[in-house]
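>>> Build the 3D model from these lines:
(one chain, ligands or ions: 1)
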Amino acid sequence: MTAPIKPFLIGGAWRTTEQLQEVRAPYTGECVARFAVPSTNDVEEAIASASVAAVEMRATPRHKIAAGLRRIADQIEARCEEFARVIAIEAGKPLTAARGEVERAVGTFTIASEEARRFAGESIPLDAQALGEGRVGWTERIPRGVIFGITPFNFPLNLVAHKVAPALASRNAIIIKPSPRTPLTALLLGEVFLESRLAAGALQVLPADVSAVDLVLRDERVAMISFTGSAEVGWRLRERAGRKVVALELGGNAPVIIDENADVDYAAGRTATAAFNHAGQVCISAQRIIVHRQIAERFTNLLVERAQSLRIGDPLDESTELSVMIDEAAAVRAESWVNEAIKGGARLLCGGARRGALFEATVLTNVHGEMRVCTEEVFAPVATIQQFDDFGDALAEANNSRYGLQAGVFTHDLGRAMLAFRTLEFGGVMINDAPAFRVDNMPYGGVKQSGAGREGVRYAMEEMTEPRLLVIDPMR
Ligand code: NAD
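Numbers count the residues shown, from 1 in each chain. From the prediction side, this is the model:
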């Protein structure tokens with residue numbers, strides 16, 4: 001059977017081209033679909049259509065925007081199984097985790113629907129200075145207009161949702177360029193959008209080649225680039241973006257500290273999930289574990305036990321907990337970093353073996369700060385363990401990274417929890433949880449090389465709009 005051809009969504013209509021690109025299932029290696037790659041003319045047309053839609057969106061009342069977003073949430077929910085299977089196939093994500101992602105995306109659109117009704121400006125107390133006495137003033141949030149969103153492969157639905165939902169809720173139009181590895185989920189979202197009754201060009205899904213991004217960067221009609229992906233690509237993009245607003249959600253090598261007084265069983269369970277979920281291909285995956293020496297042995301045994309008990313297999317199998325990485329090259333890279341660490345003196349406690357794109361859940365100890373498994377974003381099911389005696393040293397080690405997305409700290413000592421919160425240079429600090437914790441309305445984003453700006457529906461809505469100030473002197 002030949003793989004189906006998937007058109008792209010432009011100005012509310014599906015369109016195809018001569019240029020086709022394959023989507024291969026990472027688990028079977030099979031070509032599951034071919035998608036039409038938009039030409040530069042198509043991208044140009046999409047921007048024109050988005051500009052028209054942006055004007056319509058800006059004039060659309062809040063209740064209609066909210067209802068449109070609600071319809072999207074309902075449709076995703078109704079088609080949950082279809083979405084989950086597409087994610088499992090194209091991303092190699094185990095079905096149970098894929099269902100979790102779909103549920104979260106329903107939540108993201110639901111939150112956006114609610115935010116759409118109340119998102120507004122603020123009243124300004126102008127009489128704070130004598131010269132403002134008698135005047136009234138307030139701000140309104142003005143949509144930026146056309147936003148261009150670029151998304152990665154690891155959450156093909158919910159990370160697209162984190163751009164589309166706030167963009168629409170704040171009355172913008174958005175063009176999404178999904179990862180070429182996982183465009184099918186974004187195209188399915190395009191289908192759902194067409195039922196929303198929002199302006200036809202308000203969401204366009206263009207799995208364009210990265211070369212098309214240059215055209216977008218030059219186009220004055222595009223006001224903002226919202227990028228989620230690797231730090232390397234993200235920061236280069238920002239350098240080339242001129243006056244455009246650029247939001248960056250990038251990578252990390254998240255630390256988790258387990259203090260001597262922590263609930264060790266609980267911490268080991270949460271950390272294992274956070275380290276090996278979606279084969280570690282999560283930007284807030286627990287990568288650098290820093291554990292107090294007194295409990296290190298017990299914690300390590302529990303973590304290794306959990307790593308070894310993960311059921312490995314086909315992402316479409318209900319019982320699978322660990323499946324393939326996105327491709328063999330990614331698994332080869334992980335394997336080479338692990339081998340390099342072992343050569344440098346690290347001790348392999350479990351895992352380390354690779355079969356094609358499948359890489360076993362791996363735990364390394366005796367690591368030191370110079371190894372790539374510590375300094376870089378490993379983005380694989382690999383966790384490293386270091387020990388500490390002094391809590392302050394553990395915090396310093398956690399900060400010893402050029403990234404700063406989220407950190408986790410397991411401690412029952414309130415003083416240490418607060419010290420951790422004040423000291424850790426990260427966008428978010430999770431106390432008594434692993435760094436991979438995320439709820440979709442919380443502010444989410446990084447410091448240092450992990451990014452600029454915040455997502456989490458309302459926070460993204462703020463970035464996707466500008467305050468415009470009105471001042472009135474009613475007595476003149
Ligand atoms: P990637 O940077 O390779 O690709 C991300 C997107 O950028 C894709 O759509 C890709 O086609 C596009 N792209 C690639 N080169 C480009 C270029 N030169 N110009 C413009 N666009 C370009 O990342 P990936 O491998 O798909 O995803 C993994 C990365 O994403 C990891 O670093 C991970 O930490 C990060 N990530 C971050 C978050 C977050 O919210 N902070 C969430 C998920 C993933």
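
>>> Could you pull up phi and psi at residue 432?
Dihedral angles phi and psi of residue 432 (degrees, to the nearest 10) take the values phi 60, psi 40.

>>> now swap in residue 434 and tell me
Per degrees, to the nearest 10, the backbone of residue 434 is at phi -80, psi 160.

>>> Now it: closest residue in space that isn't a chain neighbour?
Leaving aside its chain neighbours, residue 434 sits nearest to residue 274 (3.4 Å; criterion: C-beta to C-beta, 6 or more residues apart in numbering). Any C-beta I mention is one placed from the backbone N, CA and C, and that applies to glycine too.

>>> Residue 408 is in contact with the one you found, correct?
Yes: Residue 274 lies in contact with residue 408 (C-beta atoms under 8 Å); the separation is 7.2 Å.

>>> Between the two, which has more neighbouring residues?
For residue 274 versus residue 408, neighbours defined as other C-beta atoms under 10 Å are more numerous around residue 408 (30 against 26).

>>> Could you look up the SS state of that one?
State at residue 408, reduced to three classes by DSSP: H, G, I helix; E, B strand; the rest coil: strand.

>>> pLDDT value on it, please?
With respect to pLDDT, residue 408 has a value of 98.

>>> For burial, what's the neighbour tally of residue 459?
Neighbours of residue 459 (other C-beta under 10 Å): 18.

>>> measure it to the ligand for me?
Here residue 459 is placed at a distance of 12 Å from the ligand (C-beta to the nearest ligand atom, to the nearest Å).

>>> Am I right that that residue is in a strand?
No: secondary structure of residue 459 (three-state DSSP): helix, not part of a strand.

>>> Now the element after the worst-scoring helix or strand of the chain on mean pLDDT, going C-ward?
In the chain, the helix or strand scored least confidently by mean pLDDT, DSSP states H and E is helix 212-218, which has a mean of 95. Next along the chain after helix 212-218, taking DSSP states H and E as the criterion, comes strand 222-228.

>>> Just the CA trace of that following strand, in CSV.
What follows is strand 222-228, C-alpha atoms only, in CSV (Å, rounded to 0.1, in the frame of the first residue of the first chain):
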residue,chain,number,x,y,z
VAL,A,222,5.3,38.8,10.4
ALA,A,223,5.5,40.4,13.8
MET,A,224,6.7,37.6,15.9
ILE,A,225,8.5,34.3,15.8
SER,A,226,7.7,31.8,18.5
PHE,A,227,10.3,29.0,18.4
THR,A,228,10.5,25.8,20.4
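
>>> Please see if it touches the ligand.
Yes: judged by C-beta under 6 Å from any ligand atom, strand 222-228 comes into contact with the ligand through residue 228.

>>> So in that sheet, which strands flank that strand, and in what orientation?
Using DSSP bridges, strand 222-228 pairs in its sheet with strand 146-150 (parallel), strand 245-249 (parallel).

>>> Which one of those strands lies nearest to residue 53?
Closest of these to residue 53 is strand 146-150, at 8.3 Å (criterion: C-beta to C-beta).

>>> Local confidence estimate at residue 1?
In this model, residue 1 carries a pLDDT of 64.

>>> got the residues of the protein near the ligand?
Residues of the chain lying near the ligand (C-beta under 6 Å from any ligand atom): 150-155, 159, 177, 179-180, 210, 213, 228-230, 233, 237, 249-251, 283, 377, 379, 405, 451.

>>> Tell me the helices and strands packed up against the longest helix belonging to the chain.
As assigned by DSSP state H, the longest helix anywhere in the chain is helix 95-118. Secondary-structure packing of helix 95-118 (3 or more C-beta pairs under 8 Å, 6 or more residues apart in numbering; DSSP states H and E): helix 62-78, helix 80-91, helix 158-169, helix 458-463.

>>> With mean pLDDT and distance to residue 268 added, can I get those helices in a markdown table?
Formatted as a markdown table, these follow (pLDDT from 0 to 100; distance: least, C-beta to C-beta, whole Å):
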| stretch | mean pLDDT | distance to residue 268 |
| --- | --- | --- |
| helix 62-78 | 98 | 34 |
| helix 80-91 | 98 | 27 |
| helix 158-169 | 98 | 27 |
| helix 458-463 | 98 | 32 |
